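Enquirer: 3D, please:
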Amino acid sequence: NRQIHPLLNCQQHANTGRGHCQTESDAVMNTKELHDSEPVFSFPIRIYWEDTDAGGIVYYANYFKFFERTRTEWLRHLGVEQGSLLANEDSMFVVSQTDAKYHKPARIDDLLNITLHIKHMGQASITLIQTAWIQDKTASNQRTLACESTVRLACVQQTSMRPSKIPLRVAELLSAKLSN
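Expert: Okay, the predicted model is just below:
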């Protein structure tokens, strides 16, 4: 016995309350799809010496920092301040799963465009595809994929660190991005 969540167009099992949302972006995107599709948010990041390793390329773990900054700025752009979410709702997003695939190294002075796509949204989690694109220094419409990552964010109560539903106001904002 399943019912559709009216806000998120999610199937939810009536007895357990568990379910999932289906979106057109549920399938894993290939590189061409990532290049051609419009992200829900993008954020520029310049590469500095502090971002590179001894070989002069971006240290692999720094991509996760870039992705975190982009997610934070995306939520801020939507009107969700993570500090107030924590203070007012006792809720916060934590990374519960992630991976990365590296395509081409970024180097000092490169300008990255970090993009964010919504892949899947559940009642207590959201899965994103994030990419780091190296902007061509001579042609502004040319870019090369440096790194891509799938990131699953879980909404948890800060006091118990147990999963909780994404607060309604935040779910409405995210749902609006799914329908665009």
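
Enquirer: Wait, a helix at residue 174?
Expert: Yes. Assessed by DSSP: H, G, I helix; E, B strand; the rest coil, residue 174 belongs to a helix.

Enquirer: Name the single longest strand found in this protein.
Expert: strand 143-157 (DSSP state E).

Enquirer: how distant is that one from the center of its chain?
Expert: Averaged C-alpha coordinates place strand 143-157 at 5 Å from its chain's average position (C-alpha atoms, centre = their mean, to the nearest Å).

Enquirer: same for that strand, what does it pack against?
Expert: On a contact count with 3 or more C-beta pairs under 8 Å, 6 or more residues apart in numbering; DSSP states H and E, strand 143-157 meets helix 31-36, helix 62-78, strand 91-98, strand 101-102, strand 111-121, strand 125-135. Where you see a C-beta, it was placed from the backbone N, CA and C, and this is true even at glycine.

Enquirer: Need the contact partners of the third one.
Expert: Taking contacts as C-beta atoms under 8 Å, 6 or more residues apart in numbering, the residues outside strand 91-98 that touch it are 64, 71, 75, 82, 85-86, 125-126, 149-158, 164, 166-167, 170.

Enquirer: give me that answer again for 6 Å
Expert: The contact list for strand 91-98 (C-beta atoms under 6 Å, 6 or more residues apart in numbering) reads 85-86, 149, 151-156, 158, 167.

Enquirer: can the residues you listed go into JSON lines with extra columns for pLDDT?
Expert: As requested, the contacts of strand 91-98 are exported to JSON lines (pLDDT from 0 to 100):
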{"residue": "85", "pLDDT": "94"}
{"residue": "86", "pLDDT": "95"}
{"residue": "149", "pLDDT": "98"}
{"residue": "151", "pLDDT": "98"}
{"residue": "152", "pLDDT": "98"}
{"residue": "153", "pLDDT": "97"}
{"residue": "154", "pLDDT": "97"}
{"residue": "155", "pLDDT": "97"}
{"residue": "156", "pLDDT": "97"}
{"residue": "158", "pLDDT": "94"}
{"residue": "167", "pLDDT": "95"}
